[in-house]
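[1] Pasted the sequence and its predicted model underneath.
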Amino acid sequence: MQNTQRKIETRISRLGPGSVFTPKDLLDLGSRGSVDVALSKLAKAGKIRRLSRGLYEYPKSSDLLGGPLSPDSNQIAQAIARRYRWHIVPDGALAANMLGLSTQVPAHLTYLSDGPTRRVKVGRLTIRFKHARPKQIGVTGPASALTIQALRYLGEKSISHQTIEILRSRLSKTEQRQLLRDARLSSDWIYTAARRIVQGTR
């Protein structure tokens, strides 16, 4: 049991502060029973924070605020998706905000999912997973999926040179090349935008 706990502490240390995980993420380190007991002990010791049943966080602290920060909602959504083996993509408004293309914070956190439509409440946070067609989420690169959803939300006429430059700065060269490949399955105007991002053209 102690060996499992040490392994878990090493794993979450590598994941880094702010990471969110479930017992299923750690089953390669021990049996379900030993993992559950280890997580319970770590939570009681204050080394991790229990967000809800079967959902934990390695808290990220702020010297300025003098305590742990609120958990990252995207980390929570990704951990929930891994638990149920869903593939998810932030919905348009959320994707645009995450990429710095919109300063408007969506009133509701919504993710497209290949799982069932469901609302999940974690503390005061409510995340909506909305069932979507495979075409909407069946993109190879996570950064590609995020970018394509943001572009769809903005619409063809709103894609400015500034939009292209922001996306170029946000995506690595590898992610840009993957975006170009993935965008071939989308609308012509999205593929054109992806090509502008890669080529740096207006």
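    Received the coordinates, thanks. Bear in mind the structure is a predicted one, so any value in this text is a computation, not a measurement.

[2] What score does the spatially most central residue of the chain have for pLDDT?
    Centroid-nearest residue in the chain, with CA atoms, centre = their mean: Asn74, separated by 4.3 Å. pLDDT recorded at Asn74 is 93.

[3] Over to Gly141?
    79.

[4] does it really touch Gln178, like I thought?
    Yes - with contacts counted by CB atoms under 8 Å, Gly141 reaches Gln178, the gap being 3.8 Å. Placement of C-beta: from N, CA and C, glycine included.

[5] Report the backbone C-alpha coordinates of stretch 195-202 in PDB.
    Backbone C-alpha positions of stretch 195-202 (Å, rounded to 0.1, in the frame of the first residue of the first chain) are rendered in PDB as follows:
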ATOM      1  CA  ARG A 195      -3.500  27.600 -44.800                       C
ATOM      2  CA  ARG A 196      -3.100  31.300 -43.900                       C
ATOM      3  CA  ILE A 197      -2.100  30.300 -40.400                       C
ATOM      4  CA  VAL A 198       0.600  28.000 -41.700                       C
ATOM      5  CA  GLN A 199       1.800  30.200 -44.500                       C
ATOM      6  CA  GLY A 200       1.500  33.500 -42.600                       C
ATOM      7  CA  THR A 201      -0.500  35.100 -45.400                       C
ATOM      8  CA  ARG A 202      -3.200  37.700 -45.100                       C
END
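
[6] and that stretch, how far out from the chain's middle?
    Computed by CA atoms, centre = their mean, to the nearest Å, the separation of stretch 195-202 from the middle of its chain amounts to 26 Å.

[7] Could I get the buried residue list for that stretch?
    Of the residues in stretch 195-202, 196-198 count as buried by neighbour count, 16 or more other CB atoms under 10 Å.

[8] in the chain, which ranges drop under the pLDDT threshold?
    Filtered on pLDDT under 70, the chain yields the residue ranges 1-2, 63, 65-66, 138, 201-202.
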